[in-house]
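> predicted model and sequence follow; I will ask about them next.
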Amino acid sequence: CTPHSCPDLEPCHRHGLGALPGPAVPALPRHLHLRQEERHPLRAAHRGPAQRVAPSSLRPQKVGAWTLGREWTEALPPASLDCLSGQHFSDDFAQVNPLRKVPALKDGDFTLAESVAILLYLSRKYEAPDHWYPQDLQTRARVDEYLSWQHTDLQTSCIRTMWQKMLLPVFLGQPVPPETLASTLAKLDRCLQLLEDKFLKDQDFLAGPHISMADLVAITELMHPVSAGCDLFKSRPKLAAWRQRVEAEVGEDLFQEAHAAIMKAKDLPPADKAIKEKLKPLVQPLLH
């Protein structure tokens with residue numbers, strides 16, 4: 001994450017990374033409205049009352065349906081939170097999401113947490129084209145299968161790699177034992193092999209011949225170690241070709257925009273002493 005964002009958003013809650021005090025969340029006046037498009041079905045448009053809270057962070061997946069859309073209109077950007085200062089732990093934000101994590105969605109009186117749940121809700125409410133979350137029972141089951149697996153294996157490995165290889169030593173000045181990083185990279189390699197062998201196989205996309213939510217969630221996770229200098233695709237031509245197909249379907253401009261922050265993480269200046277002291281006890285689980 002950036003100096004102004006939660007280290008791991010959803011996983012940080014499990015590992016204790018992010019329970020930081022901070023100011024109240026700013027007002028959330030903007031709305032996320034979605035309509036169907038010919039190719040990119042979800043984009044901002046004046047249609048509904050949904051509000052989306054996104055982190056000012058390096059978690060591209062965790063901004064809800066960002067990569068599902070063609071673009072957010074300039075007039076309707078998502079409201080953002082400064083997670084590192086603890087805005088997501090404020091009482092105001094707890095009214096939107098008692099879990100105190102981002103992203104969160106508020107649709108009238110209805111609030112929703114968890115990025116996958118938000119993606120599914122938006123795709124159903126605004127009747128996104130079928131390929132994103134197919135009606136076919138078995139194809140949908142493949143999407144569900146991946147979404148159920150990724151947060152227990154691939155996501156954790158990707159996040160730990162980014163922190164151990166880049167953010168801990170560069171941003172926080174915290175050395176990582178070589179054996180710890182080696183173990184994390186080995187776990188990531190095993191996850192990538194599973195991604196290829198179990199989910200991608202010889203298909204164009206993870207759930208079949210068409211792009212789905214599974215592909216969007218997967219690519220955004222993989223961009224975390226990529227941002228830390230890991231060339232995940234160099235020795236994996238099948239995975240590299242899949243990435244190119246995903247980027248082509250999403251659109252190069254949108255793909256680059258969605259991952260702009262995370263790809264600049266290596267250029268972050270070192271954290272100041274106060275932030276280092278605040279995060280020191282919270283990042284300890286990442287050192288083992």
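Perfect, thanks for sending it.

> now do the strands in this structure.
If DSSP state E is used as the criterion, the strands of the chain fall at 34-35, 43-44, 50-55, 79-81, 104-107, 110-113.

> mean confidence score for the longest one?
When you say that, I think you mean strand 50-55. Averaged across strand 50-55, the pLDDT comes to 47.

> so where do the helices sit in the stretch 101-250 of the chain?
Per DSSP state H, counting those that start in this stretch, the stretch 101-250 of the chain carries helices over the ranges 115-125, 137-150, 154-162, 178-194, 213-227, 237-250.

> can you tell which of those is closest to residue 108?
Closest approach to residue 108 among the helices of the stretch 101-250 of the chain (Cβ to Cβ): helix 115-125, 11.3 Å. Backbone N, C-alpha and C define where each C-beta goes, glycine included.

> packing partners of that closest one?
strand 50-55, strand 104-107, helix 213-227 (3 or more Cβ pairs under 8 Å, 6 or more residues apart in numbering; DSSP states H and E).

> rerun that using 6 Å as the cut-off
Taking 3 or more Cβ pairs under 6 Å, 6 or more residues apart in numbering; DSSP states H and E as contact, there are no helices or strands that helix 115-125 lies on.

> angle of it against helix 137-150?
Counting by axes from the mean of the first three to the mean of the last three Cα atoms, to 10 degrees, helix 115-125 lies at 150 degrees to helix 137-150.

> quick one: buried residues of helix 115-125?
115-116, 118-123 (16 or more other Cβ atoms under 10 Å).

> can you show me the CA trace of it as PDB?
C-alpha atoms of helix 115-125 as PDB (Å, rounded to 0.1, in the frame of the first residue of the first chain):
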ATOM      1  CA  SER A 115     -15.000  -6.600  -2.800                       C
ATOM      2  CA  VAL A 116     -16.300  -9.900  -4.300                       C
ATOM      3  CA  ALA A 117     -19.800  -9.300  -2.800                       C
ATOM      4  CA  ILE A 118     -19.800  -5.800  -4.200                       C
ATOM      5  CA  LEU A 119     -18.800  -7.000  -7.600                       C
ATOM      6  CA  LEU A 120     -21.600  -9.600  -7.600                       C
ATOM      7  CA  TYR A 121     -24.200  -7.100  -6.300                       C
ATOM      8  CA  LEU A 122     -23.400  -4.500  -9.000                       C
ATOM      9  CA  SER A 123     -23.300  -7.000 -11.800                       C
ATOM     10  CA  ARG A 124     -26.800  -8.400 -10.800                       C
ATOM     11  CA  LYS A 125     -28.400  -5.000 -10.000                       C
END
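
> hang on, the earlier thing: as TSV, the helices of the stretch 101-250 of the chain with distance to residue 81 would be great.
Formatted as TSV, the helices of the stretch 101-250 of the chain follow (distance: least, Cβ to Cβ, whole Å):
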stretch	distance to residue 81
helix 115-125	14
helix 137-150	24
helix 154-162	18
helix 178-194	28
helix 213-227	18
helix 237-250	25
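
> with distance to residue 266 and mean pLDDT added, can I get those in CSV?
Compiled in CSV, the helices of the stretch 101-250 of the chain are given as follows (distance: least, Cβ to Cβ, whole Å; pLDDT from 0 to 100):
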stretch, distance to residue 266, mean pLDDT
helix 115-125, 24, 87
helix 137-150, 24, 96
helix 154-162, 10, 94
helix 178-194, 16, 97
helix 213-227, 7, 94
helix 237-250, 19, 95
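
> which of the ones you listed sits closest to residue 287?
Residue 287 sits nearest to helix 178-194 of all the helices of the stretch 101-250 of the chain, at 6.2 Å, using Cβ to Cβ.

> who are the packing partners of that closest one?
Contacts defined by 3+ Cβ pairs under 6 Å, 6+ apart place helix 178-194 against helix 154-162.

> how about residues contacting the helix it packs on?
Helix 154-162 is contacted by residues 8, 11, 184, 187-188, 191, 221, 224-225, 228 when judged by Cβ atoms under 6 Å, 6 or more residues apart in numbering.
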